[in-house]
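Undergrad: just the structure for this:
(one chain, ligands or ions: 2)
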Amino acid sequence: MQIGKGAARIAAGLLLSAVGALANAQVINGNFESGLDPWKNYITDNGTAGPGGIHLADFDIDGDGTVSNTVAMSVGYAVAPCAAPGILCPSPTEGAGIYQWAHFEEGPVHFHVDLAVENNSPYGGYNEDGGTFQLILGGNTVGEWSAGPIDAGSVIRGSIDVRDVMVAPMDMWFMVKTTRHWASAEGLTQYIDNVSITPVPEPATNAMLLLGLAVIAGVMRRNGVKG
Ligand SMILES: [Ca+2]
Ligand SMILES: [Ca+2]
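TA: Numbering: from 1, shown residues only. Ligands and ions are numbered 1, 2, ... in the order given. Reported below is the predicted structural model:
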């Protein structure tokens, strides 16, 4: 197949803009309006993200009346450790999350994520454990928020807001994870949206070679956590 020079130039231009869009998309995509990429899914051992898995849903995470693309899941354990967990044996805390790699520069960094739990149980009543959310940097939990018990027909909203200091430039993964003490419950949904990191990190340069750096996340100094 032959293409003219003009068409070739246009094709090259399209390719370049596609590469540019890809590079930008790799930075963070914290509001999920363009989908889940570059976030990757994580499921704990014996955990589940529920029948729908980790998926996008229209939801009003911040209660301002406007819905947007939001990460949704219904977490809990998938494999019961005994016939009556919580009675005959400890109830496991399992679930799922999303993560990505990024390159962080040295200096102050501000992490924020909006969170919510919704209980649309068809059985009414309340659920004992709406779920616990964690912001994890390279293996260290730097922020946490728990919804606690939640009535049927209600939504509980929260956030994790953390200021840290990177003591050196590094590639590191960061994850928003949610877990519960029980199997995933019908009608109970955990939501994640508006993940922001300031300043915005660059795409990771060599994530796989720097896996070992995960443990170095401990060098970060924590300045405050609120939920
Ligand atoms: Ca969104
Ligand atoms: Ca909203």
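
Undergrad: let me know the pLDDT of the spatially most central residue of the chain.
TA: The residue lying closest to the centre of the chain (C-alpha atoms, centre = their mean) is residue 176, at 3.3 Å. pLDDT, residue 176: 98.

Undergrad: residue contacts, it?
TA: Residue 176 is in contact with 97-99, 113, 133-136, 160, 192, 195, counting by C-beta atoms under 8 Å, 6 or more residues apart in numbering. The C-beta positions use only the backbone N, C-alpha and C, and glycine is treated the same way.

Undergrad: who does it form a beta bridge with?
TA: Beta-bridge pairing of residue 176 under DSSP bridges involves residue 98, residue 135.

Undergrad: how many neighbours does residue 51 have?
TA: 8 (other C-beta atoms under 10 Å).

Undergrad: what does the chain have sitting close to ligand 2?
TA: Residues of the chain lying near ligand 2 by C-beta under 5 Å from the ion: 60, 62, 64, 66.

Undergrad: residue 145: which of those residues is nearest?
TA: Proximity of the residues of the chain next to ligand 2 to residue 145 (C-beta to C-beta) peaks at residue 62, which lies at 14.0 Å.

Undergrad: three-state assignment of that closest one?
TA: Of the three states, residue 62 takes coil according to DSSP: H, G, I helix; E, B strand; the rest coil.

Undergrad: that one contacts residue 114, correct?
TA: Yes: shown here, residue 62 and residue 114 form a contact pair, counting by C-beta atoms under 8 Å, at 5.5 Å.

Undergrad: of these two, who's got more company?
TA: Between residue 62 and residue 114, residue 114 has the larger neighbour count (other C-beta under 10 Å), namely 21 against 15.

Undergrad: list residues touching both of residue 62 and residue 114?
TA: Common contacts of residue 62 and residue 114, defined by C-beta under 8 Å, 6+ apart, comprise 157, 193-194.

Undergrad: the residues you listed in helices, which ones?
TA: For these, not one is inside helices, with DSSP state H as the criterion.

Undergrad: out of these, who has the most neighbours?
TA: Using other C-beta under 10 Å as the neighbour test, the shared contacts of residue 62 and residue 114 are led by residue 193, with 25 neighbours.

Undergrad: let me have the residues of the chain next to ligand 2 in TSV, adding pLDDT as columns.
TA: Formatted as TSV, those follow (pLDDT from 0 to 100):
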residue	pLDDT
60	98
62	94
64	95
66	96
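
Undergrad: just to revisit the earlier point, of the shared contacts of residue 62 and residue 114, just say which sits nearest to ligand 1.
TA: Closest approach between these and ligand 1, by C-beta to the ion: residue 193, at 4.3 Å.

Undergrad: pLDDT score for residue 137?
TA: 94.

Undergrad: likewise residue 205?
TA: Residue 205 is given a pLDDT of 70.

Undergrad: so where does it fall, helix or strand?
TA: Per DSSP states H and E: residue 205 is located in neither a helix nor a strand.

Undergrad: for the residue nearest to it when sequence neighbours are not counted, name its beta-bridge partners.
TA: Spatially, and ignoring its direct neighbours in sequence, residue 205 is nearest to residue 103 (5.5 Å; C-beta to C-beta, 6 or more residues apart in numbering). On the basis of DSSP bridges, residue 103 takes part in beta bridges with residue 171, residue 202.
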